[in-house]
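Asker: Sequence first, predicted coordinates after that:
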Amino acid sequence: MELEKLSNGNSHHDAAAAVEKGAQPEKDAFLPQKSDGSKTPQFTDFEGKTSFGMSVFNLSNAIMGSGILGLSYAMSNTGIVLFLILLTCIACLSCYSVHLLLRSAGVVGIRAYEQLGLRAFGHPGKILAAVIITLHNIGAMSSYLFIVKSELPLVIQAFLGQTSSSDEWFMNGNYLIIIVTVGIIFPLAMMKHLGYLGYTSGFSLSCMVFFLSAVIYKRFNISCPLQAFSNYTLSEATPEEMCTAKLFTINQETAYTIPILAFAFVCHPEVLPIYTELSNPTKRRMQNIGNVSILGMFVMYFLTATFGYLTFYGNTEAELLHTYSKVDPLDILILCVRLAVLVAVTLTVPVVLFPIRRALLQLLFPERPFHWLRHIAIAACLLFVVNMLVILVPNIRDIFGITGATTAPSLIFILPGLFYIRIIPTDLEPMRSRPKILAACFAALGFVFMTMSLTFIVLDWTSGEKQRLGAH
């Protein structure tokens, strides 16, 4: 599917007419599959077939990431109330960011992130948007496959009843990620439309709901302090300190919470592709999908963080499942939860791959029609690169830290705000109008987040104390 070249002939006239009618203008060509040539094709001519529910599943699955495993640790470094305030702010800002993208897309009739960059800043804007999307999603895909590489051998070991690792090939994480990629991820990535992945996205979310249920159950099953479990090493804090929930707390790790939460809500490259395939597409309908998805993830994030924190308090570790395993490595429920998380992250990889492929197609083959060979070849090359990255790089935390600190603020804050300022005509909204001032402040906030995140990463490197910056 390709975007038609935009025609600018009567753009200001159409915009003014739309304002007189009280409607938001939606014009210029987009996927004119139903046009008979008797009228100018509109981007609404594309007949989407994905339902509201399936679109919610896909967008929620795009939001959900491996960062959920570190939210309890983030809460232990902020306190319950401060964490809730930060989580609420990031969720609301993400909804506003989706609003900016949909408004910009509606005015110019474009539903591709890269094409919005082209319309706003010309070819450099298109390249910048495509590069940021590619870097961010490759980092996300790599983080998911790193979980498969590290966790799947342990799950197999537990199911075989082995107490120590062996040299068998099926216990080698490098072999396992190749098998999972070829057998599961690649066939799903060959789907022509993102909407077809709604069923796998729904199953993936079900696995994460099971994870949340286990976290809640374990809160009432594990007592504090944890002396009863010989495999767990207690901190030096007193039992009263370890088993007391903090409402507000500030320490060296608190500054990492905001970039972790911002990274956990990045779904913006998937918003416009999902909008493209939505049945009965309107901006309000797609905004509702975004709001429902973000609200659902907000509830899941907060419940997971809260019950995980209230289980381990001061002993909460950066990776929640690892904390449970240290308490009782033979726990069958936690073993099943680990398997569910593996399934969830595996089924998320194809959803994250779609925006990268779209970005590369927009850069390399902007005028070419859809072709199966090109579609499959790009997916195969991307998965090969990600597999090599996961296999050859022993510690990729620093790479994730840099990409997460730069791409997440860019996709959520900076680019949507700048697109809105540049694309919305001044006769619709002058530069000093409230919406454009808010969009400018929104973009500026992204630069603040980016500067802050990079500053703390550099400070960590220079001090030699590397901390984990949660990955989506």
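Answerer: Yep, that arrived.
Asker: Now do the SS call for N251.
Answerer: Using DSSP: H, G, I helix; E, B strand; the rest coil, the structure places N251 in coil.
Asker: That one contacts A74, correct?
Answerer: No - taking contacts as C-beta atoms under 8 Å, N251 lies outside contact range of A74: 11.6 Å. Backbone N, C-alpha and C define where each C-beta goes, glycine included.
Asker: neighbour-wise, which of those two wins?
Answerer: Ranked by neighbour count (other C-beta atoms under 10 Å), N251 and A74 place A74 first, with 26 against 9.
Asker: In contact with E114, which residues are there?
Answerer: When the contact criterion is C-beta atoms under 8 Å, 6 or more residues apart in numbering, the partners of E114 are K126, A129, A130, I133, R358, A359, Q362, L363.
Asker: number of nearby residues for the first one?
Answerer: Put plainly, it is K126. Using other C-beta under 10 Å, K126 has 23 neighbouring residues.
Asker: quick one: which helix or strand includes it?
Answerer: Here K126, judged by DSSP states H and E, is contained in helix 123-159.
Asker: starting at the chain centroid, how far to whichever helix or strand comes after that helix?
Answerer: Downstream of helix 123-159, the next assigned helix or strand under DSSP H and E is helix 173-180. How far helix 173-180 lies from its chain's middle: 23 Å, per C-alpha atoms, centre = their mean, to the nearest Å.
Asker: Which SSE is immediately downstream of helix 173-180?
Answerer: helix 186-189.
Asker: list the helices and strands the following helix or strand past that next one packs on?
Answerer: Beyond helix 186-189 on the C-terminal side, the first helix or strand identified by DSSP H and E is helix 198-219. Contacts defined by 3 or more C-beta pairs under 8 Å, 6 or more residues apart in numbering; DSSP states H and E place helix 198-219 against helix 52-63, helix 283-312, helix 332-364.
Asker: so the second one versus helix 198-219, what angle?
Answerer: So that's helix 283-312. Helix 283-312 and helix 198-219 are oriented at 30 degrees to each other (axes from the mean of the first three to the mean of the last three C-alpha atoms, to 10 degrees).
Asker: Helix 283-312 - contacts with which helices or strands?
Answerer: Counting contacts by 3+ C-beta pairs under 8 Å, 6+ apart, helix 283-312 is packed against helix 52-63, helix 71-76, helix 80-108, helix 198-219, helix 268-276, helix 320-327.
Asker: List of residues touching the last one?
Answerer: What that stands for is helix 320-327. With contact meaning C-beta under 8 Å, 6+ apart, helix 320-327 is reached by 69-73, 151, 154, 215, 218, 222, 226, 229, 231-233, 304, 308, 312, 315-317, 331, 334, 337-338, 341.
Asker: Report the angle between it and helix 198-219.
Answerer: Angle of helix 320-327 versus helix 198-219, following the same axes, to 10 degrees, is 40 degrees.
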